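> just coords:
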């Protein structure tokens, strides 16, 4: 990461494929087009519902000064953080230039590779926010060591993500389902082709402690897929989460990865049609976690 980022031609070097626009460097499975930007904004809304309207699970001091948002995406979290903390400087970092131009005066965006070694002043940050970077950061030990080095004494870090494994407590989700077929293929291809580990949640607390962080707390929330829960709040979250997955998430996470693994696009769309049909069934009570 650099203190100032210059937008080179490569930043805008896109590849149109499978009905989506991707960054040509091929480092990211996800597209960077309007459908992905809409997905990211909806995902942000779901996280806020899970967190009872808050931007973080971490209690941030009101006088926080320097905040770094790693993998800022559309910048929606950074913008809202800047509005909540007008005295802080919020810097959002992402390799895709998809952030808006008109933002609060205390919010800035950098376009750079978030996995590169940090070139900032040590002890210069108060809070580091990392969301939905599972699979994209391959060397978490190095990344978290950099974060520790650049946080001021008493600084805070929050790492959050959705898991990509379906769970069920009442037997309504079958292990021979199309959803399970997608899940297994997704993880197998991500690891075998790109070396991407999307199952970081069980290991994150240990990685943070190894990097030097103390008082590490792990919070796990159930995120239903569909409006099947009786609890009104979970029902609403489930409805939004199912829309997030069925309308954009499955396709955006699948097309580049599965075709790289030899799948034909028609074959992928056929599988996803079956997945959508299953997850629209109100008798199937499945969930992920965050």
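Cool, the structure landed. As the structure is a computational prediction, the values presented were derived from the model and not from experiment. Numbering: from 1, shown residues only.
> please enumerate the helices of the stretch 1-150 of the chain.
Ranges of helices in the stretch 1-150 of the chain, per DSSP state H, counting those that start in this stretch, are 34-50, 76-84, 140-150.
> and for the second one, what's in contact with it?
The one in question is helix 76-84. Outside helix 76-84, the residues within contact range by Cβ atoms under 8 Å, 6 or more residues apart in numbering are 40-41, 44, 55, 67, 69, 72, 88, 90-92, 100, 103-104, 106-107, 109, 129, 131. Backbone N, C-alpha and C define where each C-beta goes, glycine included.
> any buried residues in it, and which?
The neighbour-count check on helix 76-84 (16 or more other Cβ atoms under 10 Å) flags 76, 77, 78, 79, 80, 81, 82, 84 as buried.
> give me the distance from that helix to the chain's centre.
Mean C-alpha position of helix 76-84 versus that of the full chain (Cα atoms, centre = their mean, to the nearest Å) differs by 17 Å.
> number the chain from 22, please
Right, with 22 as the first residue, what we last looked at is helix 97-105.
> quick one: average pLDDT of it?
Helix 97-105 carries an average pLDDT of 98.
> same deal with the last one?
Mean pLDDT, computed over helix 161-171, is 96.
> that helix - contacts with which helices or strands?
With contacts defined as 3 or more Cβ pairs under 8 Å, 6 or more residues apart in numbering; DSSP states H and E, the secondary structure elements packing on helix 161-171 are strand 146-152, strand 172-181, helix 222-231.
> list the buried ones in that helix?
Going by neighbour count (16+ other Cβ under 10 Å), the buried part of helix 161-171 is 161, 164, 165, 166, 167, 168, 169, 171.
> quick one, that helix and strand 146-152 angle?
Going by axes from the mean of the first three to the mean of the last three Cα atoms, to 10 degrees, helix 161-171 is angled at 150 degrees with respect to strand 146-152.
> can you name the residues in contact with helix 161-171?
With Cβ under 8 Å, 6+ apart as the test, helix 161-171 has contacts from 89, 136, 138-139, 141-146, 149, 151, 158, 178, 221, 224-225, 228-229, 231-234.
> would you list the buried entries among those?
So, of the contacts of helix 161-171, 89, 136, 139, 141, 145-146, 149, 151, 158, 178, 221, 225, 228-229, 232, 234 end up buried under the neighbour-count rule (16+ other Cβ under 10 Å).
> would you list the buried residues of helix 97-105 in CSV and tack on distance to residue 191?
Below are the buried residues of helix 97-105 laid out as CSV (distance: Cβ to Cβ, whole Å):
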residue, distance to residue 191
97, 35
98, 34
99, 39
100, 40
101, 36
102, 38
103, 43
105, 39
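> and the furthest pair within the residues you listed?
Put simply, by Cβ to Cβ the two of these set farthest apart are 97 and 105, 12.7 Å from each other.
> run me through the strand neighbours of the helix or strand of the chain with the lowest mean pLDDT, direction for each.
Of all the helices and strands that make up the chain, strand 35-38 has the lowest average by mean pLDDT, DSSP states H and E, namely a mean of 82. Each strand that strand 35-38 pairs with, and the sense of that pairing, follows from DSSP bridges: strand 41-44 (antiparallel).
> straight-line length of stretch 226-246, end to end?
End-to-end span of stretch 226-246 (Cα to Cα, to the nearest Å): 26 Å.
> tell me which residues in it are buried?
Judged by neighbour count using 16+ other Cβ under 10 Å, the buried positions of stretch 226-246 are 228, 229, 232, 234, 242, 243, 244, 245, 246.
> could I get the residues you listed as CSV with pLDDT and distance to residue 207?
Below are the buried residues of stretch 226-246 laid out as CSV (pLDDT from 0 to 100; distance: Cβ to Cβ, whole Å):
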residue, pLDDT, distance to residue 207
228, 98, 22
229, 98, 26
232, 98, 28
234, 98, 30
242, 96, 22
243, 96, 21
244, 98, 17
245, 98, 20
246, 98, 15
